[in-house]
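Asker: Need a 3D model of the sequence below.
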Amino acid sequence: MIISLFINKGCNEFGTDFKKLDAKLKLGDKSFNCPCKEHVTGITCNMCKKGYHGFSLDEDKGCLKCSCSKNGTLNELENCDSVSGQCVCKLDVESVLCDDCKAGFYQLRVFIIIFLMFI
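Answerer: Numbering: from 1, shown residues only. Next comes the predicted model:
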């Protein structure tokens, strides 16, 4: 079977979108470019795109979207470790999603400071 040929050429079986591969083959395209699932990247479709984690945990899209708390992450980023899903927390914040204050801290929220200068 042609699909096993793509697996033998290095296409990752968990990250390759076999529906796209089937459509590609029906169009006569037999190049050995691995068609990746929506949230997967890499030449062999073997890793999550930025902003996603848990390679192969999502059967349809290949990876799960990071669910970081904007209020608890540095620079309000929604990026996380591509394997563990750990978000990059502010100093006084903890947990995988950066949605819990550390002991002694409270009211996790974004503070916006606006300076107005009048001449």
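
Asker: ok, the residue sitting nearest the centre point of the chain to Ala103 distance?
Answerer: By CA atoms, centre = their mean, the mean C-alpha position of the chain lies nearest to Tyr52, the distance being 0.9 Å. As judged by CB to CB, to the nearest Å, Tyr52 and Ala103 stand 31 Å apart. Quick note: C-beta positions are derived from backbone N, CA and C, even for glycine.

Asker: Then Asn75?
Answerer: Applying CB to CB, the value for Asn75 to Ala103 is 24 Å.

Asker: Just give the closest residue to Pro35, not the sequence neighbours.
Answerer: Computed as CB to CB, 6 or more residues apart in numbering, the closest residue to Pro35 that is not its neighbour in sequence is Lys20, at 3.7 Å.

Asker: Tell me how many other residues surround Leu91.
Answerer: Burial of Leu91 is recorded as 8 neighbouring residues (other CB atoms under 10 Å).

Asker: what's the answer for Cys45, then?
Answerer: Neighbour count for Cys45, taken as other CB under 10 Å: 23.

Asker: which non-adjacent residue is nearest it?
Answerer: If the residues on either side of it in the chain are set aside, Cys45 comes closest to Gly15, at 3.3 Å by CB to CB, 6+ apart.

Asker: per-residue pLDDT, the one you found?
Answerer: At Gly15, the model reports a pLDDT of 93.

Asker: Any chance you could list what contacts stretch 44-56?
Answerer: Residues outside stretch 44-56 that contact it (CB atoms under 8 Å, 6 or more residues apart in numbering) are 10-12, 14-17, 34-37, 39-41, 62-66, 78-85.

Asker: Now, of those residues, which are buried?
Answerer: Among the contacts of stretch 44-56, those scoring as buried are 11-12, 15-17, 34-37, 39-41, 62-66, 79-80, 82, 85 (criterion: 16 or more other CB atoms under 10 Å).
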